[in-house]
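# I need the structure of the sequence given here:
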Amino acid sequence: MAKRYYWLKLPDGFFRQKAIKKLRKIAGGDTYTIIYLKMLLAAMKQDGKLYFEGVEDTFYEELALDLDEEAENVRVTVMFLIQQNLMQLVDETEYSLTECSKMTGSEGTGAERMRRLRDKKTSQCDTDVTERLHIGDVEIEKEIEIDKEKDNKYICPEMNSGQPQPKVGTGPAAESRTKVEIGPSCSQAELKVEIGPAQADVFIKLPMNDGTDYLVTKDYVQKLKELYPAVDVEQELRNMWGWLDSNPKNRKTPKGMKRFITGWIAREQDRAPRVGSKQNKAAQNRFNNFDQREYDFEKLEKDLLQV
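Residues are numbered from 1 along each chain as shown. This next block holds a predicted model:
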């Protein structure tokens, strides 16, 4: 015959039930509560029933013998349970615990074997996942350490003290940024700083949307002058700075800043007077703030010959 396993499923709110609270408030109530739990354990294999077999003179004494409790304590517990409808007298030899069936769990040996097999497979899967995750963490940590070594390869420990480093902008002369050479001992005395044109010959710094500055060098300004001869490049760059300072939401990215500058200057070039226009001709006909008069020399010659 297949073996069957039973267990008592104690509800989460068992001790919050009013009947159990009342039982525990009685003198010796905790003892009575333990007796009730023992009665449930004894009855769950018998469909929630307790039987009087006549071994002792009364049901209370026989149940106390079975539970290893005092007969008087068992009697008080049984009377209370009957009063609270937690126990019913079926006949003189049979008692029923009304809540026992709800609190009883059971399974056969076959189901027990299947459950153990499932638990074993689940445990193995969890172990494999844990190992993979652990290995992954190790690999990630190794990668992080490698990156740190790469970052710190040319940085002096004294300089890598956690202090915020100044932001370095970008500009047309990015190839000539500041160069830092550090000796093997990495002491401050051996730091050699070479200042390139990007730092020494900056005409203006235009603010960008990432909080850094776009460095416009004097060489770049000269190139703009050659490309756009009709524009006052220096003044337009100052105008750009004022506009960017007043409109922080419209500031440009490092990649878009050069396009912004050339677009601005090109528009000003288009607005400038073109060569050959009336205004330019008028400007060419001025000498020492006096307007140059235009004469028809052929007509003047004829007039003179007729005189």
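
# mean confidence score for stretch 223-233?
For stretch 223-233, mean pLDDT is 90.

# quick one: terminal-to-terminal distance for it?
End-to-end distance of stretch 223-233 (C-alpha to C-alpha, to the nearest Å): 10 Å.

# per-residue confidence at the closest residue to Glu92 other than its chain neighbours?
Nearest residue to Glu92, sequence neighbours excluded (C-beta to C-beta, 6 or more residues apart in numbering): Phe52, at 7.1 Å. Where you see a C-beta, it was placed from the backbone N, CA and C, and this is true even at glycine. pLDDT, Phe52: 92.

# got it, and the one 4 residues further on?
Among the per-residue scores, Glu56 holds a pLDDT of 91.

# Glu236 now?
According to the model, Glu236 scores 92 on pLDDT.

# packing partners of the one helix or strand it maps to?
Using DSSP states H and E, Glu236 falls within helix 233-246. Packing contacts for helix 233-246, counted by 3 or more C-beta pairs under 8 Å, 6 or more residues apart in numbering; DSSP states H and E, involve strand 202-207, helix 218-227, helix 254-271.

# now do the contacts for the residue nearest to Glu92.
Residues counted as contacts of Phe52 (C-beta atoms under 8 Å, 6 or more residues apart in numbering) are 59, 62-63, 92-95.

# same thing with Asn85?
Residues in contact with Asn85 (C-beta under 8 Å, 6+ apart) are Thr98.

# could you rerun that using 10 Å?
Going by C-beta atoms under 10 Å, 6 or more residues apart in numbering, Asn85 touches 19, 98-99.

# nearest to Tyr6, out of the helices and strands packed on helix 233-246?
Nearest of those to Tyr6, taken as C-beta to C-beta: helix 254-271 at 73.7 Å.

# can you list contacts of that closest one?
169-172, 174, 206-210, 212-216, 220, 224-225, 227-233, 235-237, 239-240, 243-244, 250-253.

# and that helix, which residues are buried?
Neighbour counts over helix 254-271 (16 or more other C-beta atoms under 10 Å) mark 257-258, 260-261, 264-265, 268-269 as buried.

# circling back: now a ChimeraX select for only the buried ones of the contacts of Asn85.
Only the buried members of these enter the following ChimeraX selection, criterion being 16+ other C-beta under 10 Å:
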select :99
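
# what is the burial count for Asp219?
When neighbours are defined as other C-beta atoms under 10 Å, Asp219 has 15 of them.

# all numbers from here: first residue = 91
With 91 as the first residue, the last one maps to Asp309.

# can you verify my assumption that Ala320 contacts Leu314?
No - using C-beta atoms under 10 Å as the test, Ala320 is too far from Leu314 to be in contact (11.7 Å).

# more neighbours, these two?
Leu314 (22 against 12).

# tell me the contacts of the more buried one?
With C-beta under 10 Å, 6+ apart, Leu314 has these contacts: 262, 306, 321, 323-324, 326-327, 351-352, 355-356, 359.

# quick one: which of the contacts of Asn175 is nearest Val166?
Nearest member of the contacts of Asn175 to Val166, counting by C-beta to C-beta, is Ala109, at 14.3 Å.

# which residue is the nearest non-sequential neighbour of the closest one?
Gln174 (4.4 Å).

# again, but for Trp97
Nearest one to Trp97, counting by C-beta to C-beta, 6+ apart, is Gly195 at 4.8 Å.

# partners of the one helix or strand that neighbour maps to in the sheet?
Using DSSP H and E, Gly195 sits in strand 194-198. Strand pairing for strand 194-198, determined by DSSP bridges: strand 94-98 (antiparallel).

# could you give the mean pLDDT of the strand it pairs with?
81.

# helix or strand next in line after it, which one?
That would be, after strand 94-98 and using DSSP H and E, helix 108-115.

# go through that following helix and flag the buried ones.
Per 16+ other C-beta under 10 Å, helix 108-115 contains these buried residues: 110, 113.

# can you list contacts of that helix?
By C-beta under 10 Å, 6+ apart, helix 108-115 touches 103-105, 107, 119-123, 125-126, 166-167, 170-171, 173-176, 189.
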